[in-house]
Structure formats: structure tokens, C-alpha cells
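Coordinates for the following, if possible.
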Amino acid sequence: MDLFLPLIALLTLSLSAVESIRFTVKPNSKRCLKEEVMKGVLVSGEYDLSDTPGHKTDITVKDTSGHILYTKEGITKGKFAFTTDAYDVFEVCFITKLPSEMKGMDREVMLLLKHGVEAKELRRPCRGWQAQASRDEAAAVGGPE
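Numbering: from 1, shown residues only. Predicted coordinates:
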């Protein structure tokens, strides 16, 4: 039984992935990131953009067939989630627009992507905290003696 709990904790952590990236997008440009995902995996994302006067930024998430999984205009902060139908590569694009008469700075984007178990926790924050506590307890039980 002592070996069983750490094995479950390790398995749970290996079934999920969390990636966070911070980058900038120049005015009147498009910046895309691609991610491979297995079939039937829940993917969730959270984004937060710097406050840059005059900028209007849109987000689009598409699969390789061009199907739009999520799109929103005039974003500053938000979340999205989808479940994959097949093994695929999805693309998250941020498009900035700035009137030509204005000069602007680059806009900073923070993007957090979660897959699997971790993605479910994004959709239910309270339960996510409890799940993290359970994993920490399971790891502590199997830790060094």
C-alpha cells in the first residue's frame, strides 16, 4: 500500500501538462503558437494582456482543419476550453490592431495552457485546490523516510 500512493501521484502528474509563456506582439501584427494534443484531451487556456493604449487585440484558436475552437475580439483577459476529437495540432493566434496614425508599443501577452487533469482544475477552481492538496498529501506519504 505504501508504494501504491506515490505511483498514483506520479501517474496523475504524467497525465497532465501545464505550460506558461510570456511574449510580445508588435502593433498591427499576428503571433501564433502551436501545440500538439492527443485525442480526447481537455485543453484549457488562460490569457492576460498588458494594458497598451490604442491597441485592439483578438484571439483565435483553430485546429489543423481550420475549425475555429475559440475566437474573441477586443480581449484583455479571459479563458477558453475545448476537448480534442482526434490527435491534432491546434494553433492559438493573437492579432493586434492599432490605427495607422498612432504609434504604439509592443503588447505583452501571458498565456497559460493546461492539458488533461490540470485543465479540469481550471474549470473548477475550488475543486482544483482540493485536488492539488490531495496530490501533495499522496506525495508526502511516499516521500523519503
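
Could you report the neighbour count for K97?
By other Cβ atoms under 10 Å, 14 other residues sit near K97. Every C-beta, even on glycine, is put in place using the N, C-alpha and C of the backbone.

repeat for the one 10 residues further on
By other Cβ under 10 Å, 23 other residues sit near R107.

Ok, I75 next?
Applying other Cβ under 10 Å, I find that I75 has 17 neighbouring residues.

Let's verify it: helix, strand, or coil?
coil (DSSP: H, G, I helix; E, B strand; the rest coil).

List the contacts of it.
Y47, L49, T57, D58, I59 (Cβ atoms under 8 Å, 6 or more residues apart in numbering).

same thing but 6 Å
Taking Cβ atoms under 6 Å, 6 or more residues apart in numbering as the criterion, I75 is in contact with T57, I59.

what does F80 give?
Per Cβ under 6 Å, 6+ apart, neighbours of F80: G45, Y70.

for it, phi and psi?
Per-residue torsions, F80: phi -150, psi 160 (degrees, to the nearest 10).

ok, so what distance separates it from E46?
Separation of F80 from E46 (Cβ to Cβ, to the nearest Å) stands at 8 Å.

and what of K72?
Separation of K72 from E46 (Cβ to Cβ): 13 Å.

ok, now R107?
17 Å.

quick one, helices of the chain?
Read by DSSP state H, the chain holds these helices, from start to end of the chain: 4-14, 117-123, 125-141.

The protein: strands as residue ranges?
Counting by DSSP state E, the chain has strands at residues 17-25, 30-37, 42-49, 56-62, 68-72, 77-83, 88-97, 107-115.

Switch these over to JSON lines; also include mean pLDDT.
What follows is the strands of the chain, written out as JSON lines (pLDDT from 0 to 100):
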{"stretch": "strand 17-25", "mean pLDDT": "84"}
{"stretch": "strand 30-37", "mean pLDDT": "94"}
{"stretch": "strand 42-49", "mean pLDDT": "94"}
{"stretch": "strand 56-62", "mean pLDDT": "96"}
{"stretch": "strand 68-72", "mean pLDDT": "95"}
{"stretch": "strand 77-83", "mean pLDDT": "94"}
{"stretch": "strand 88-97", "mean pLDDT": "95"}
{"stretch": "strand 107-115", "mean pLDDT": "93"}
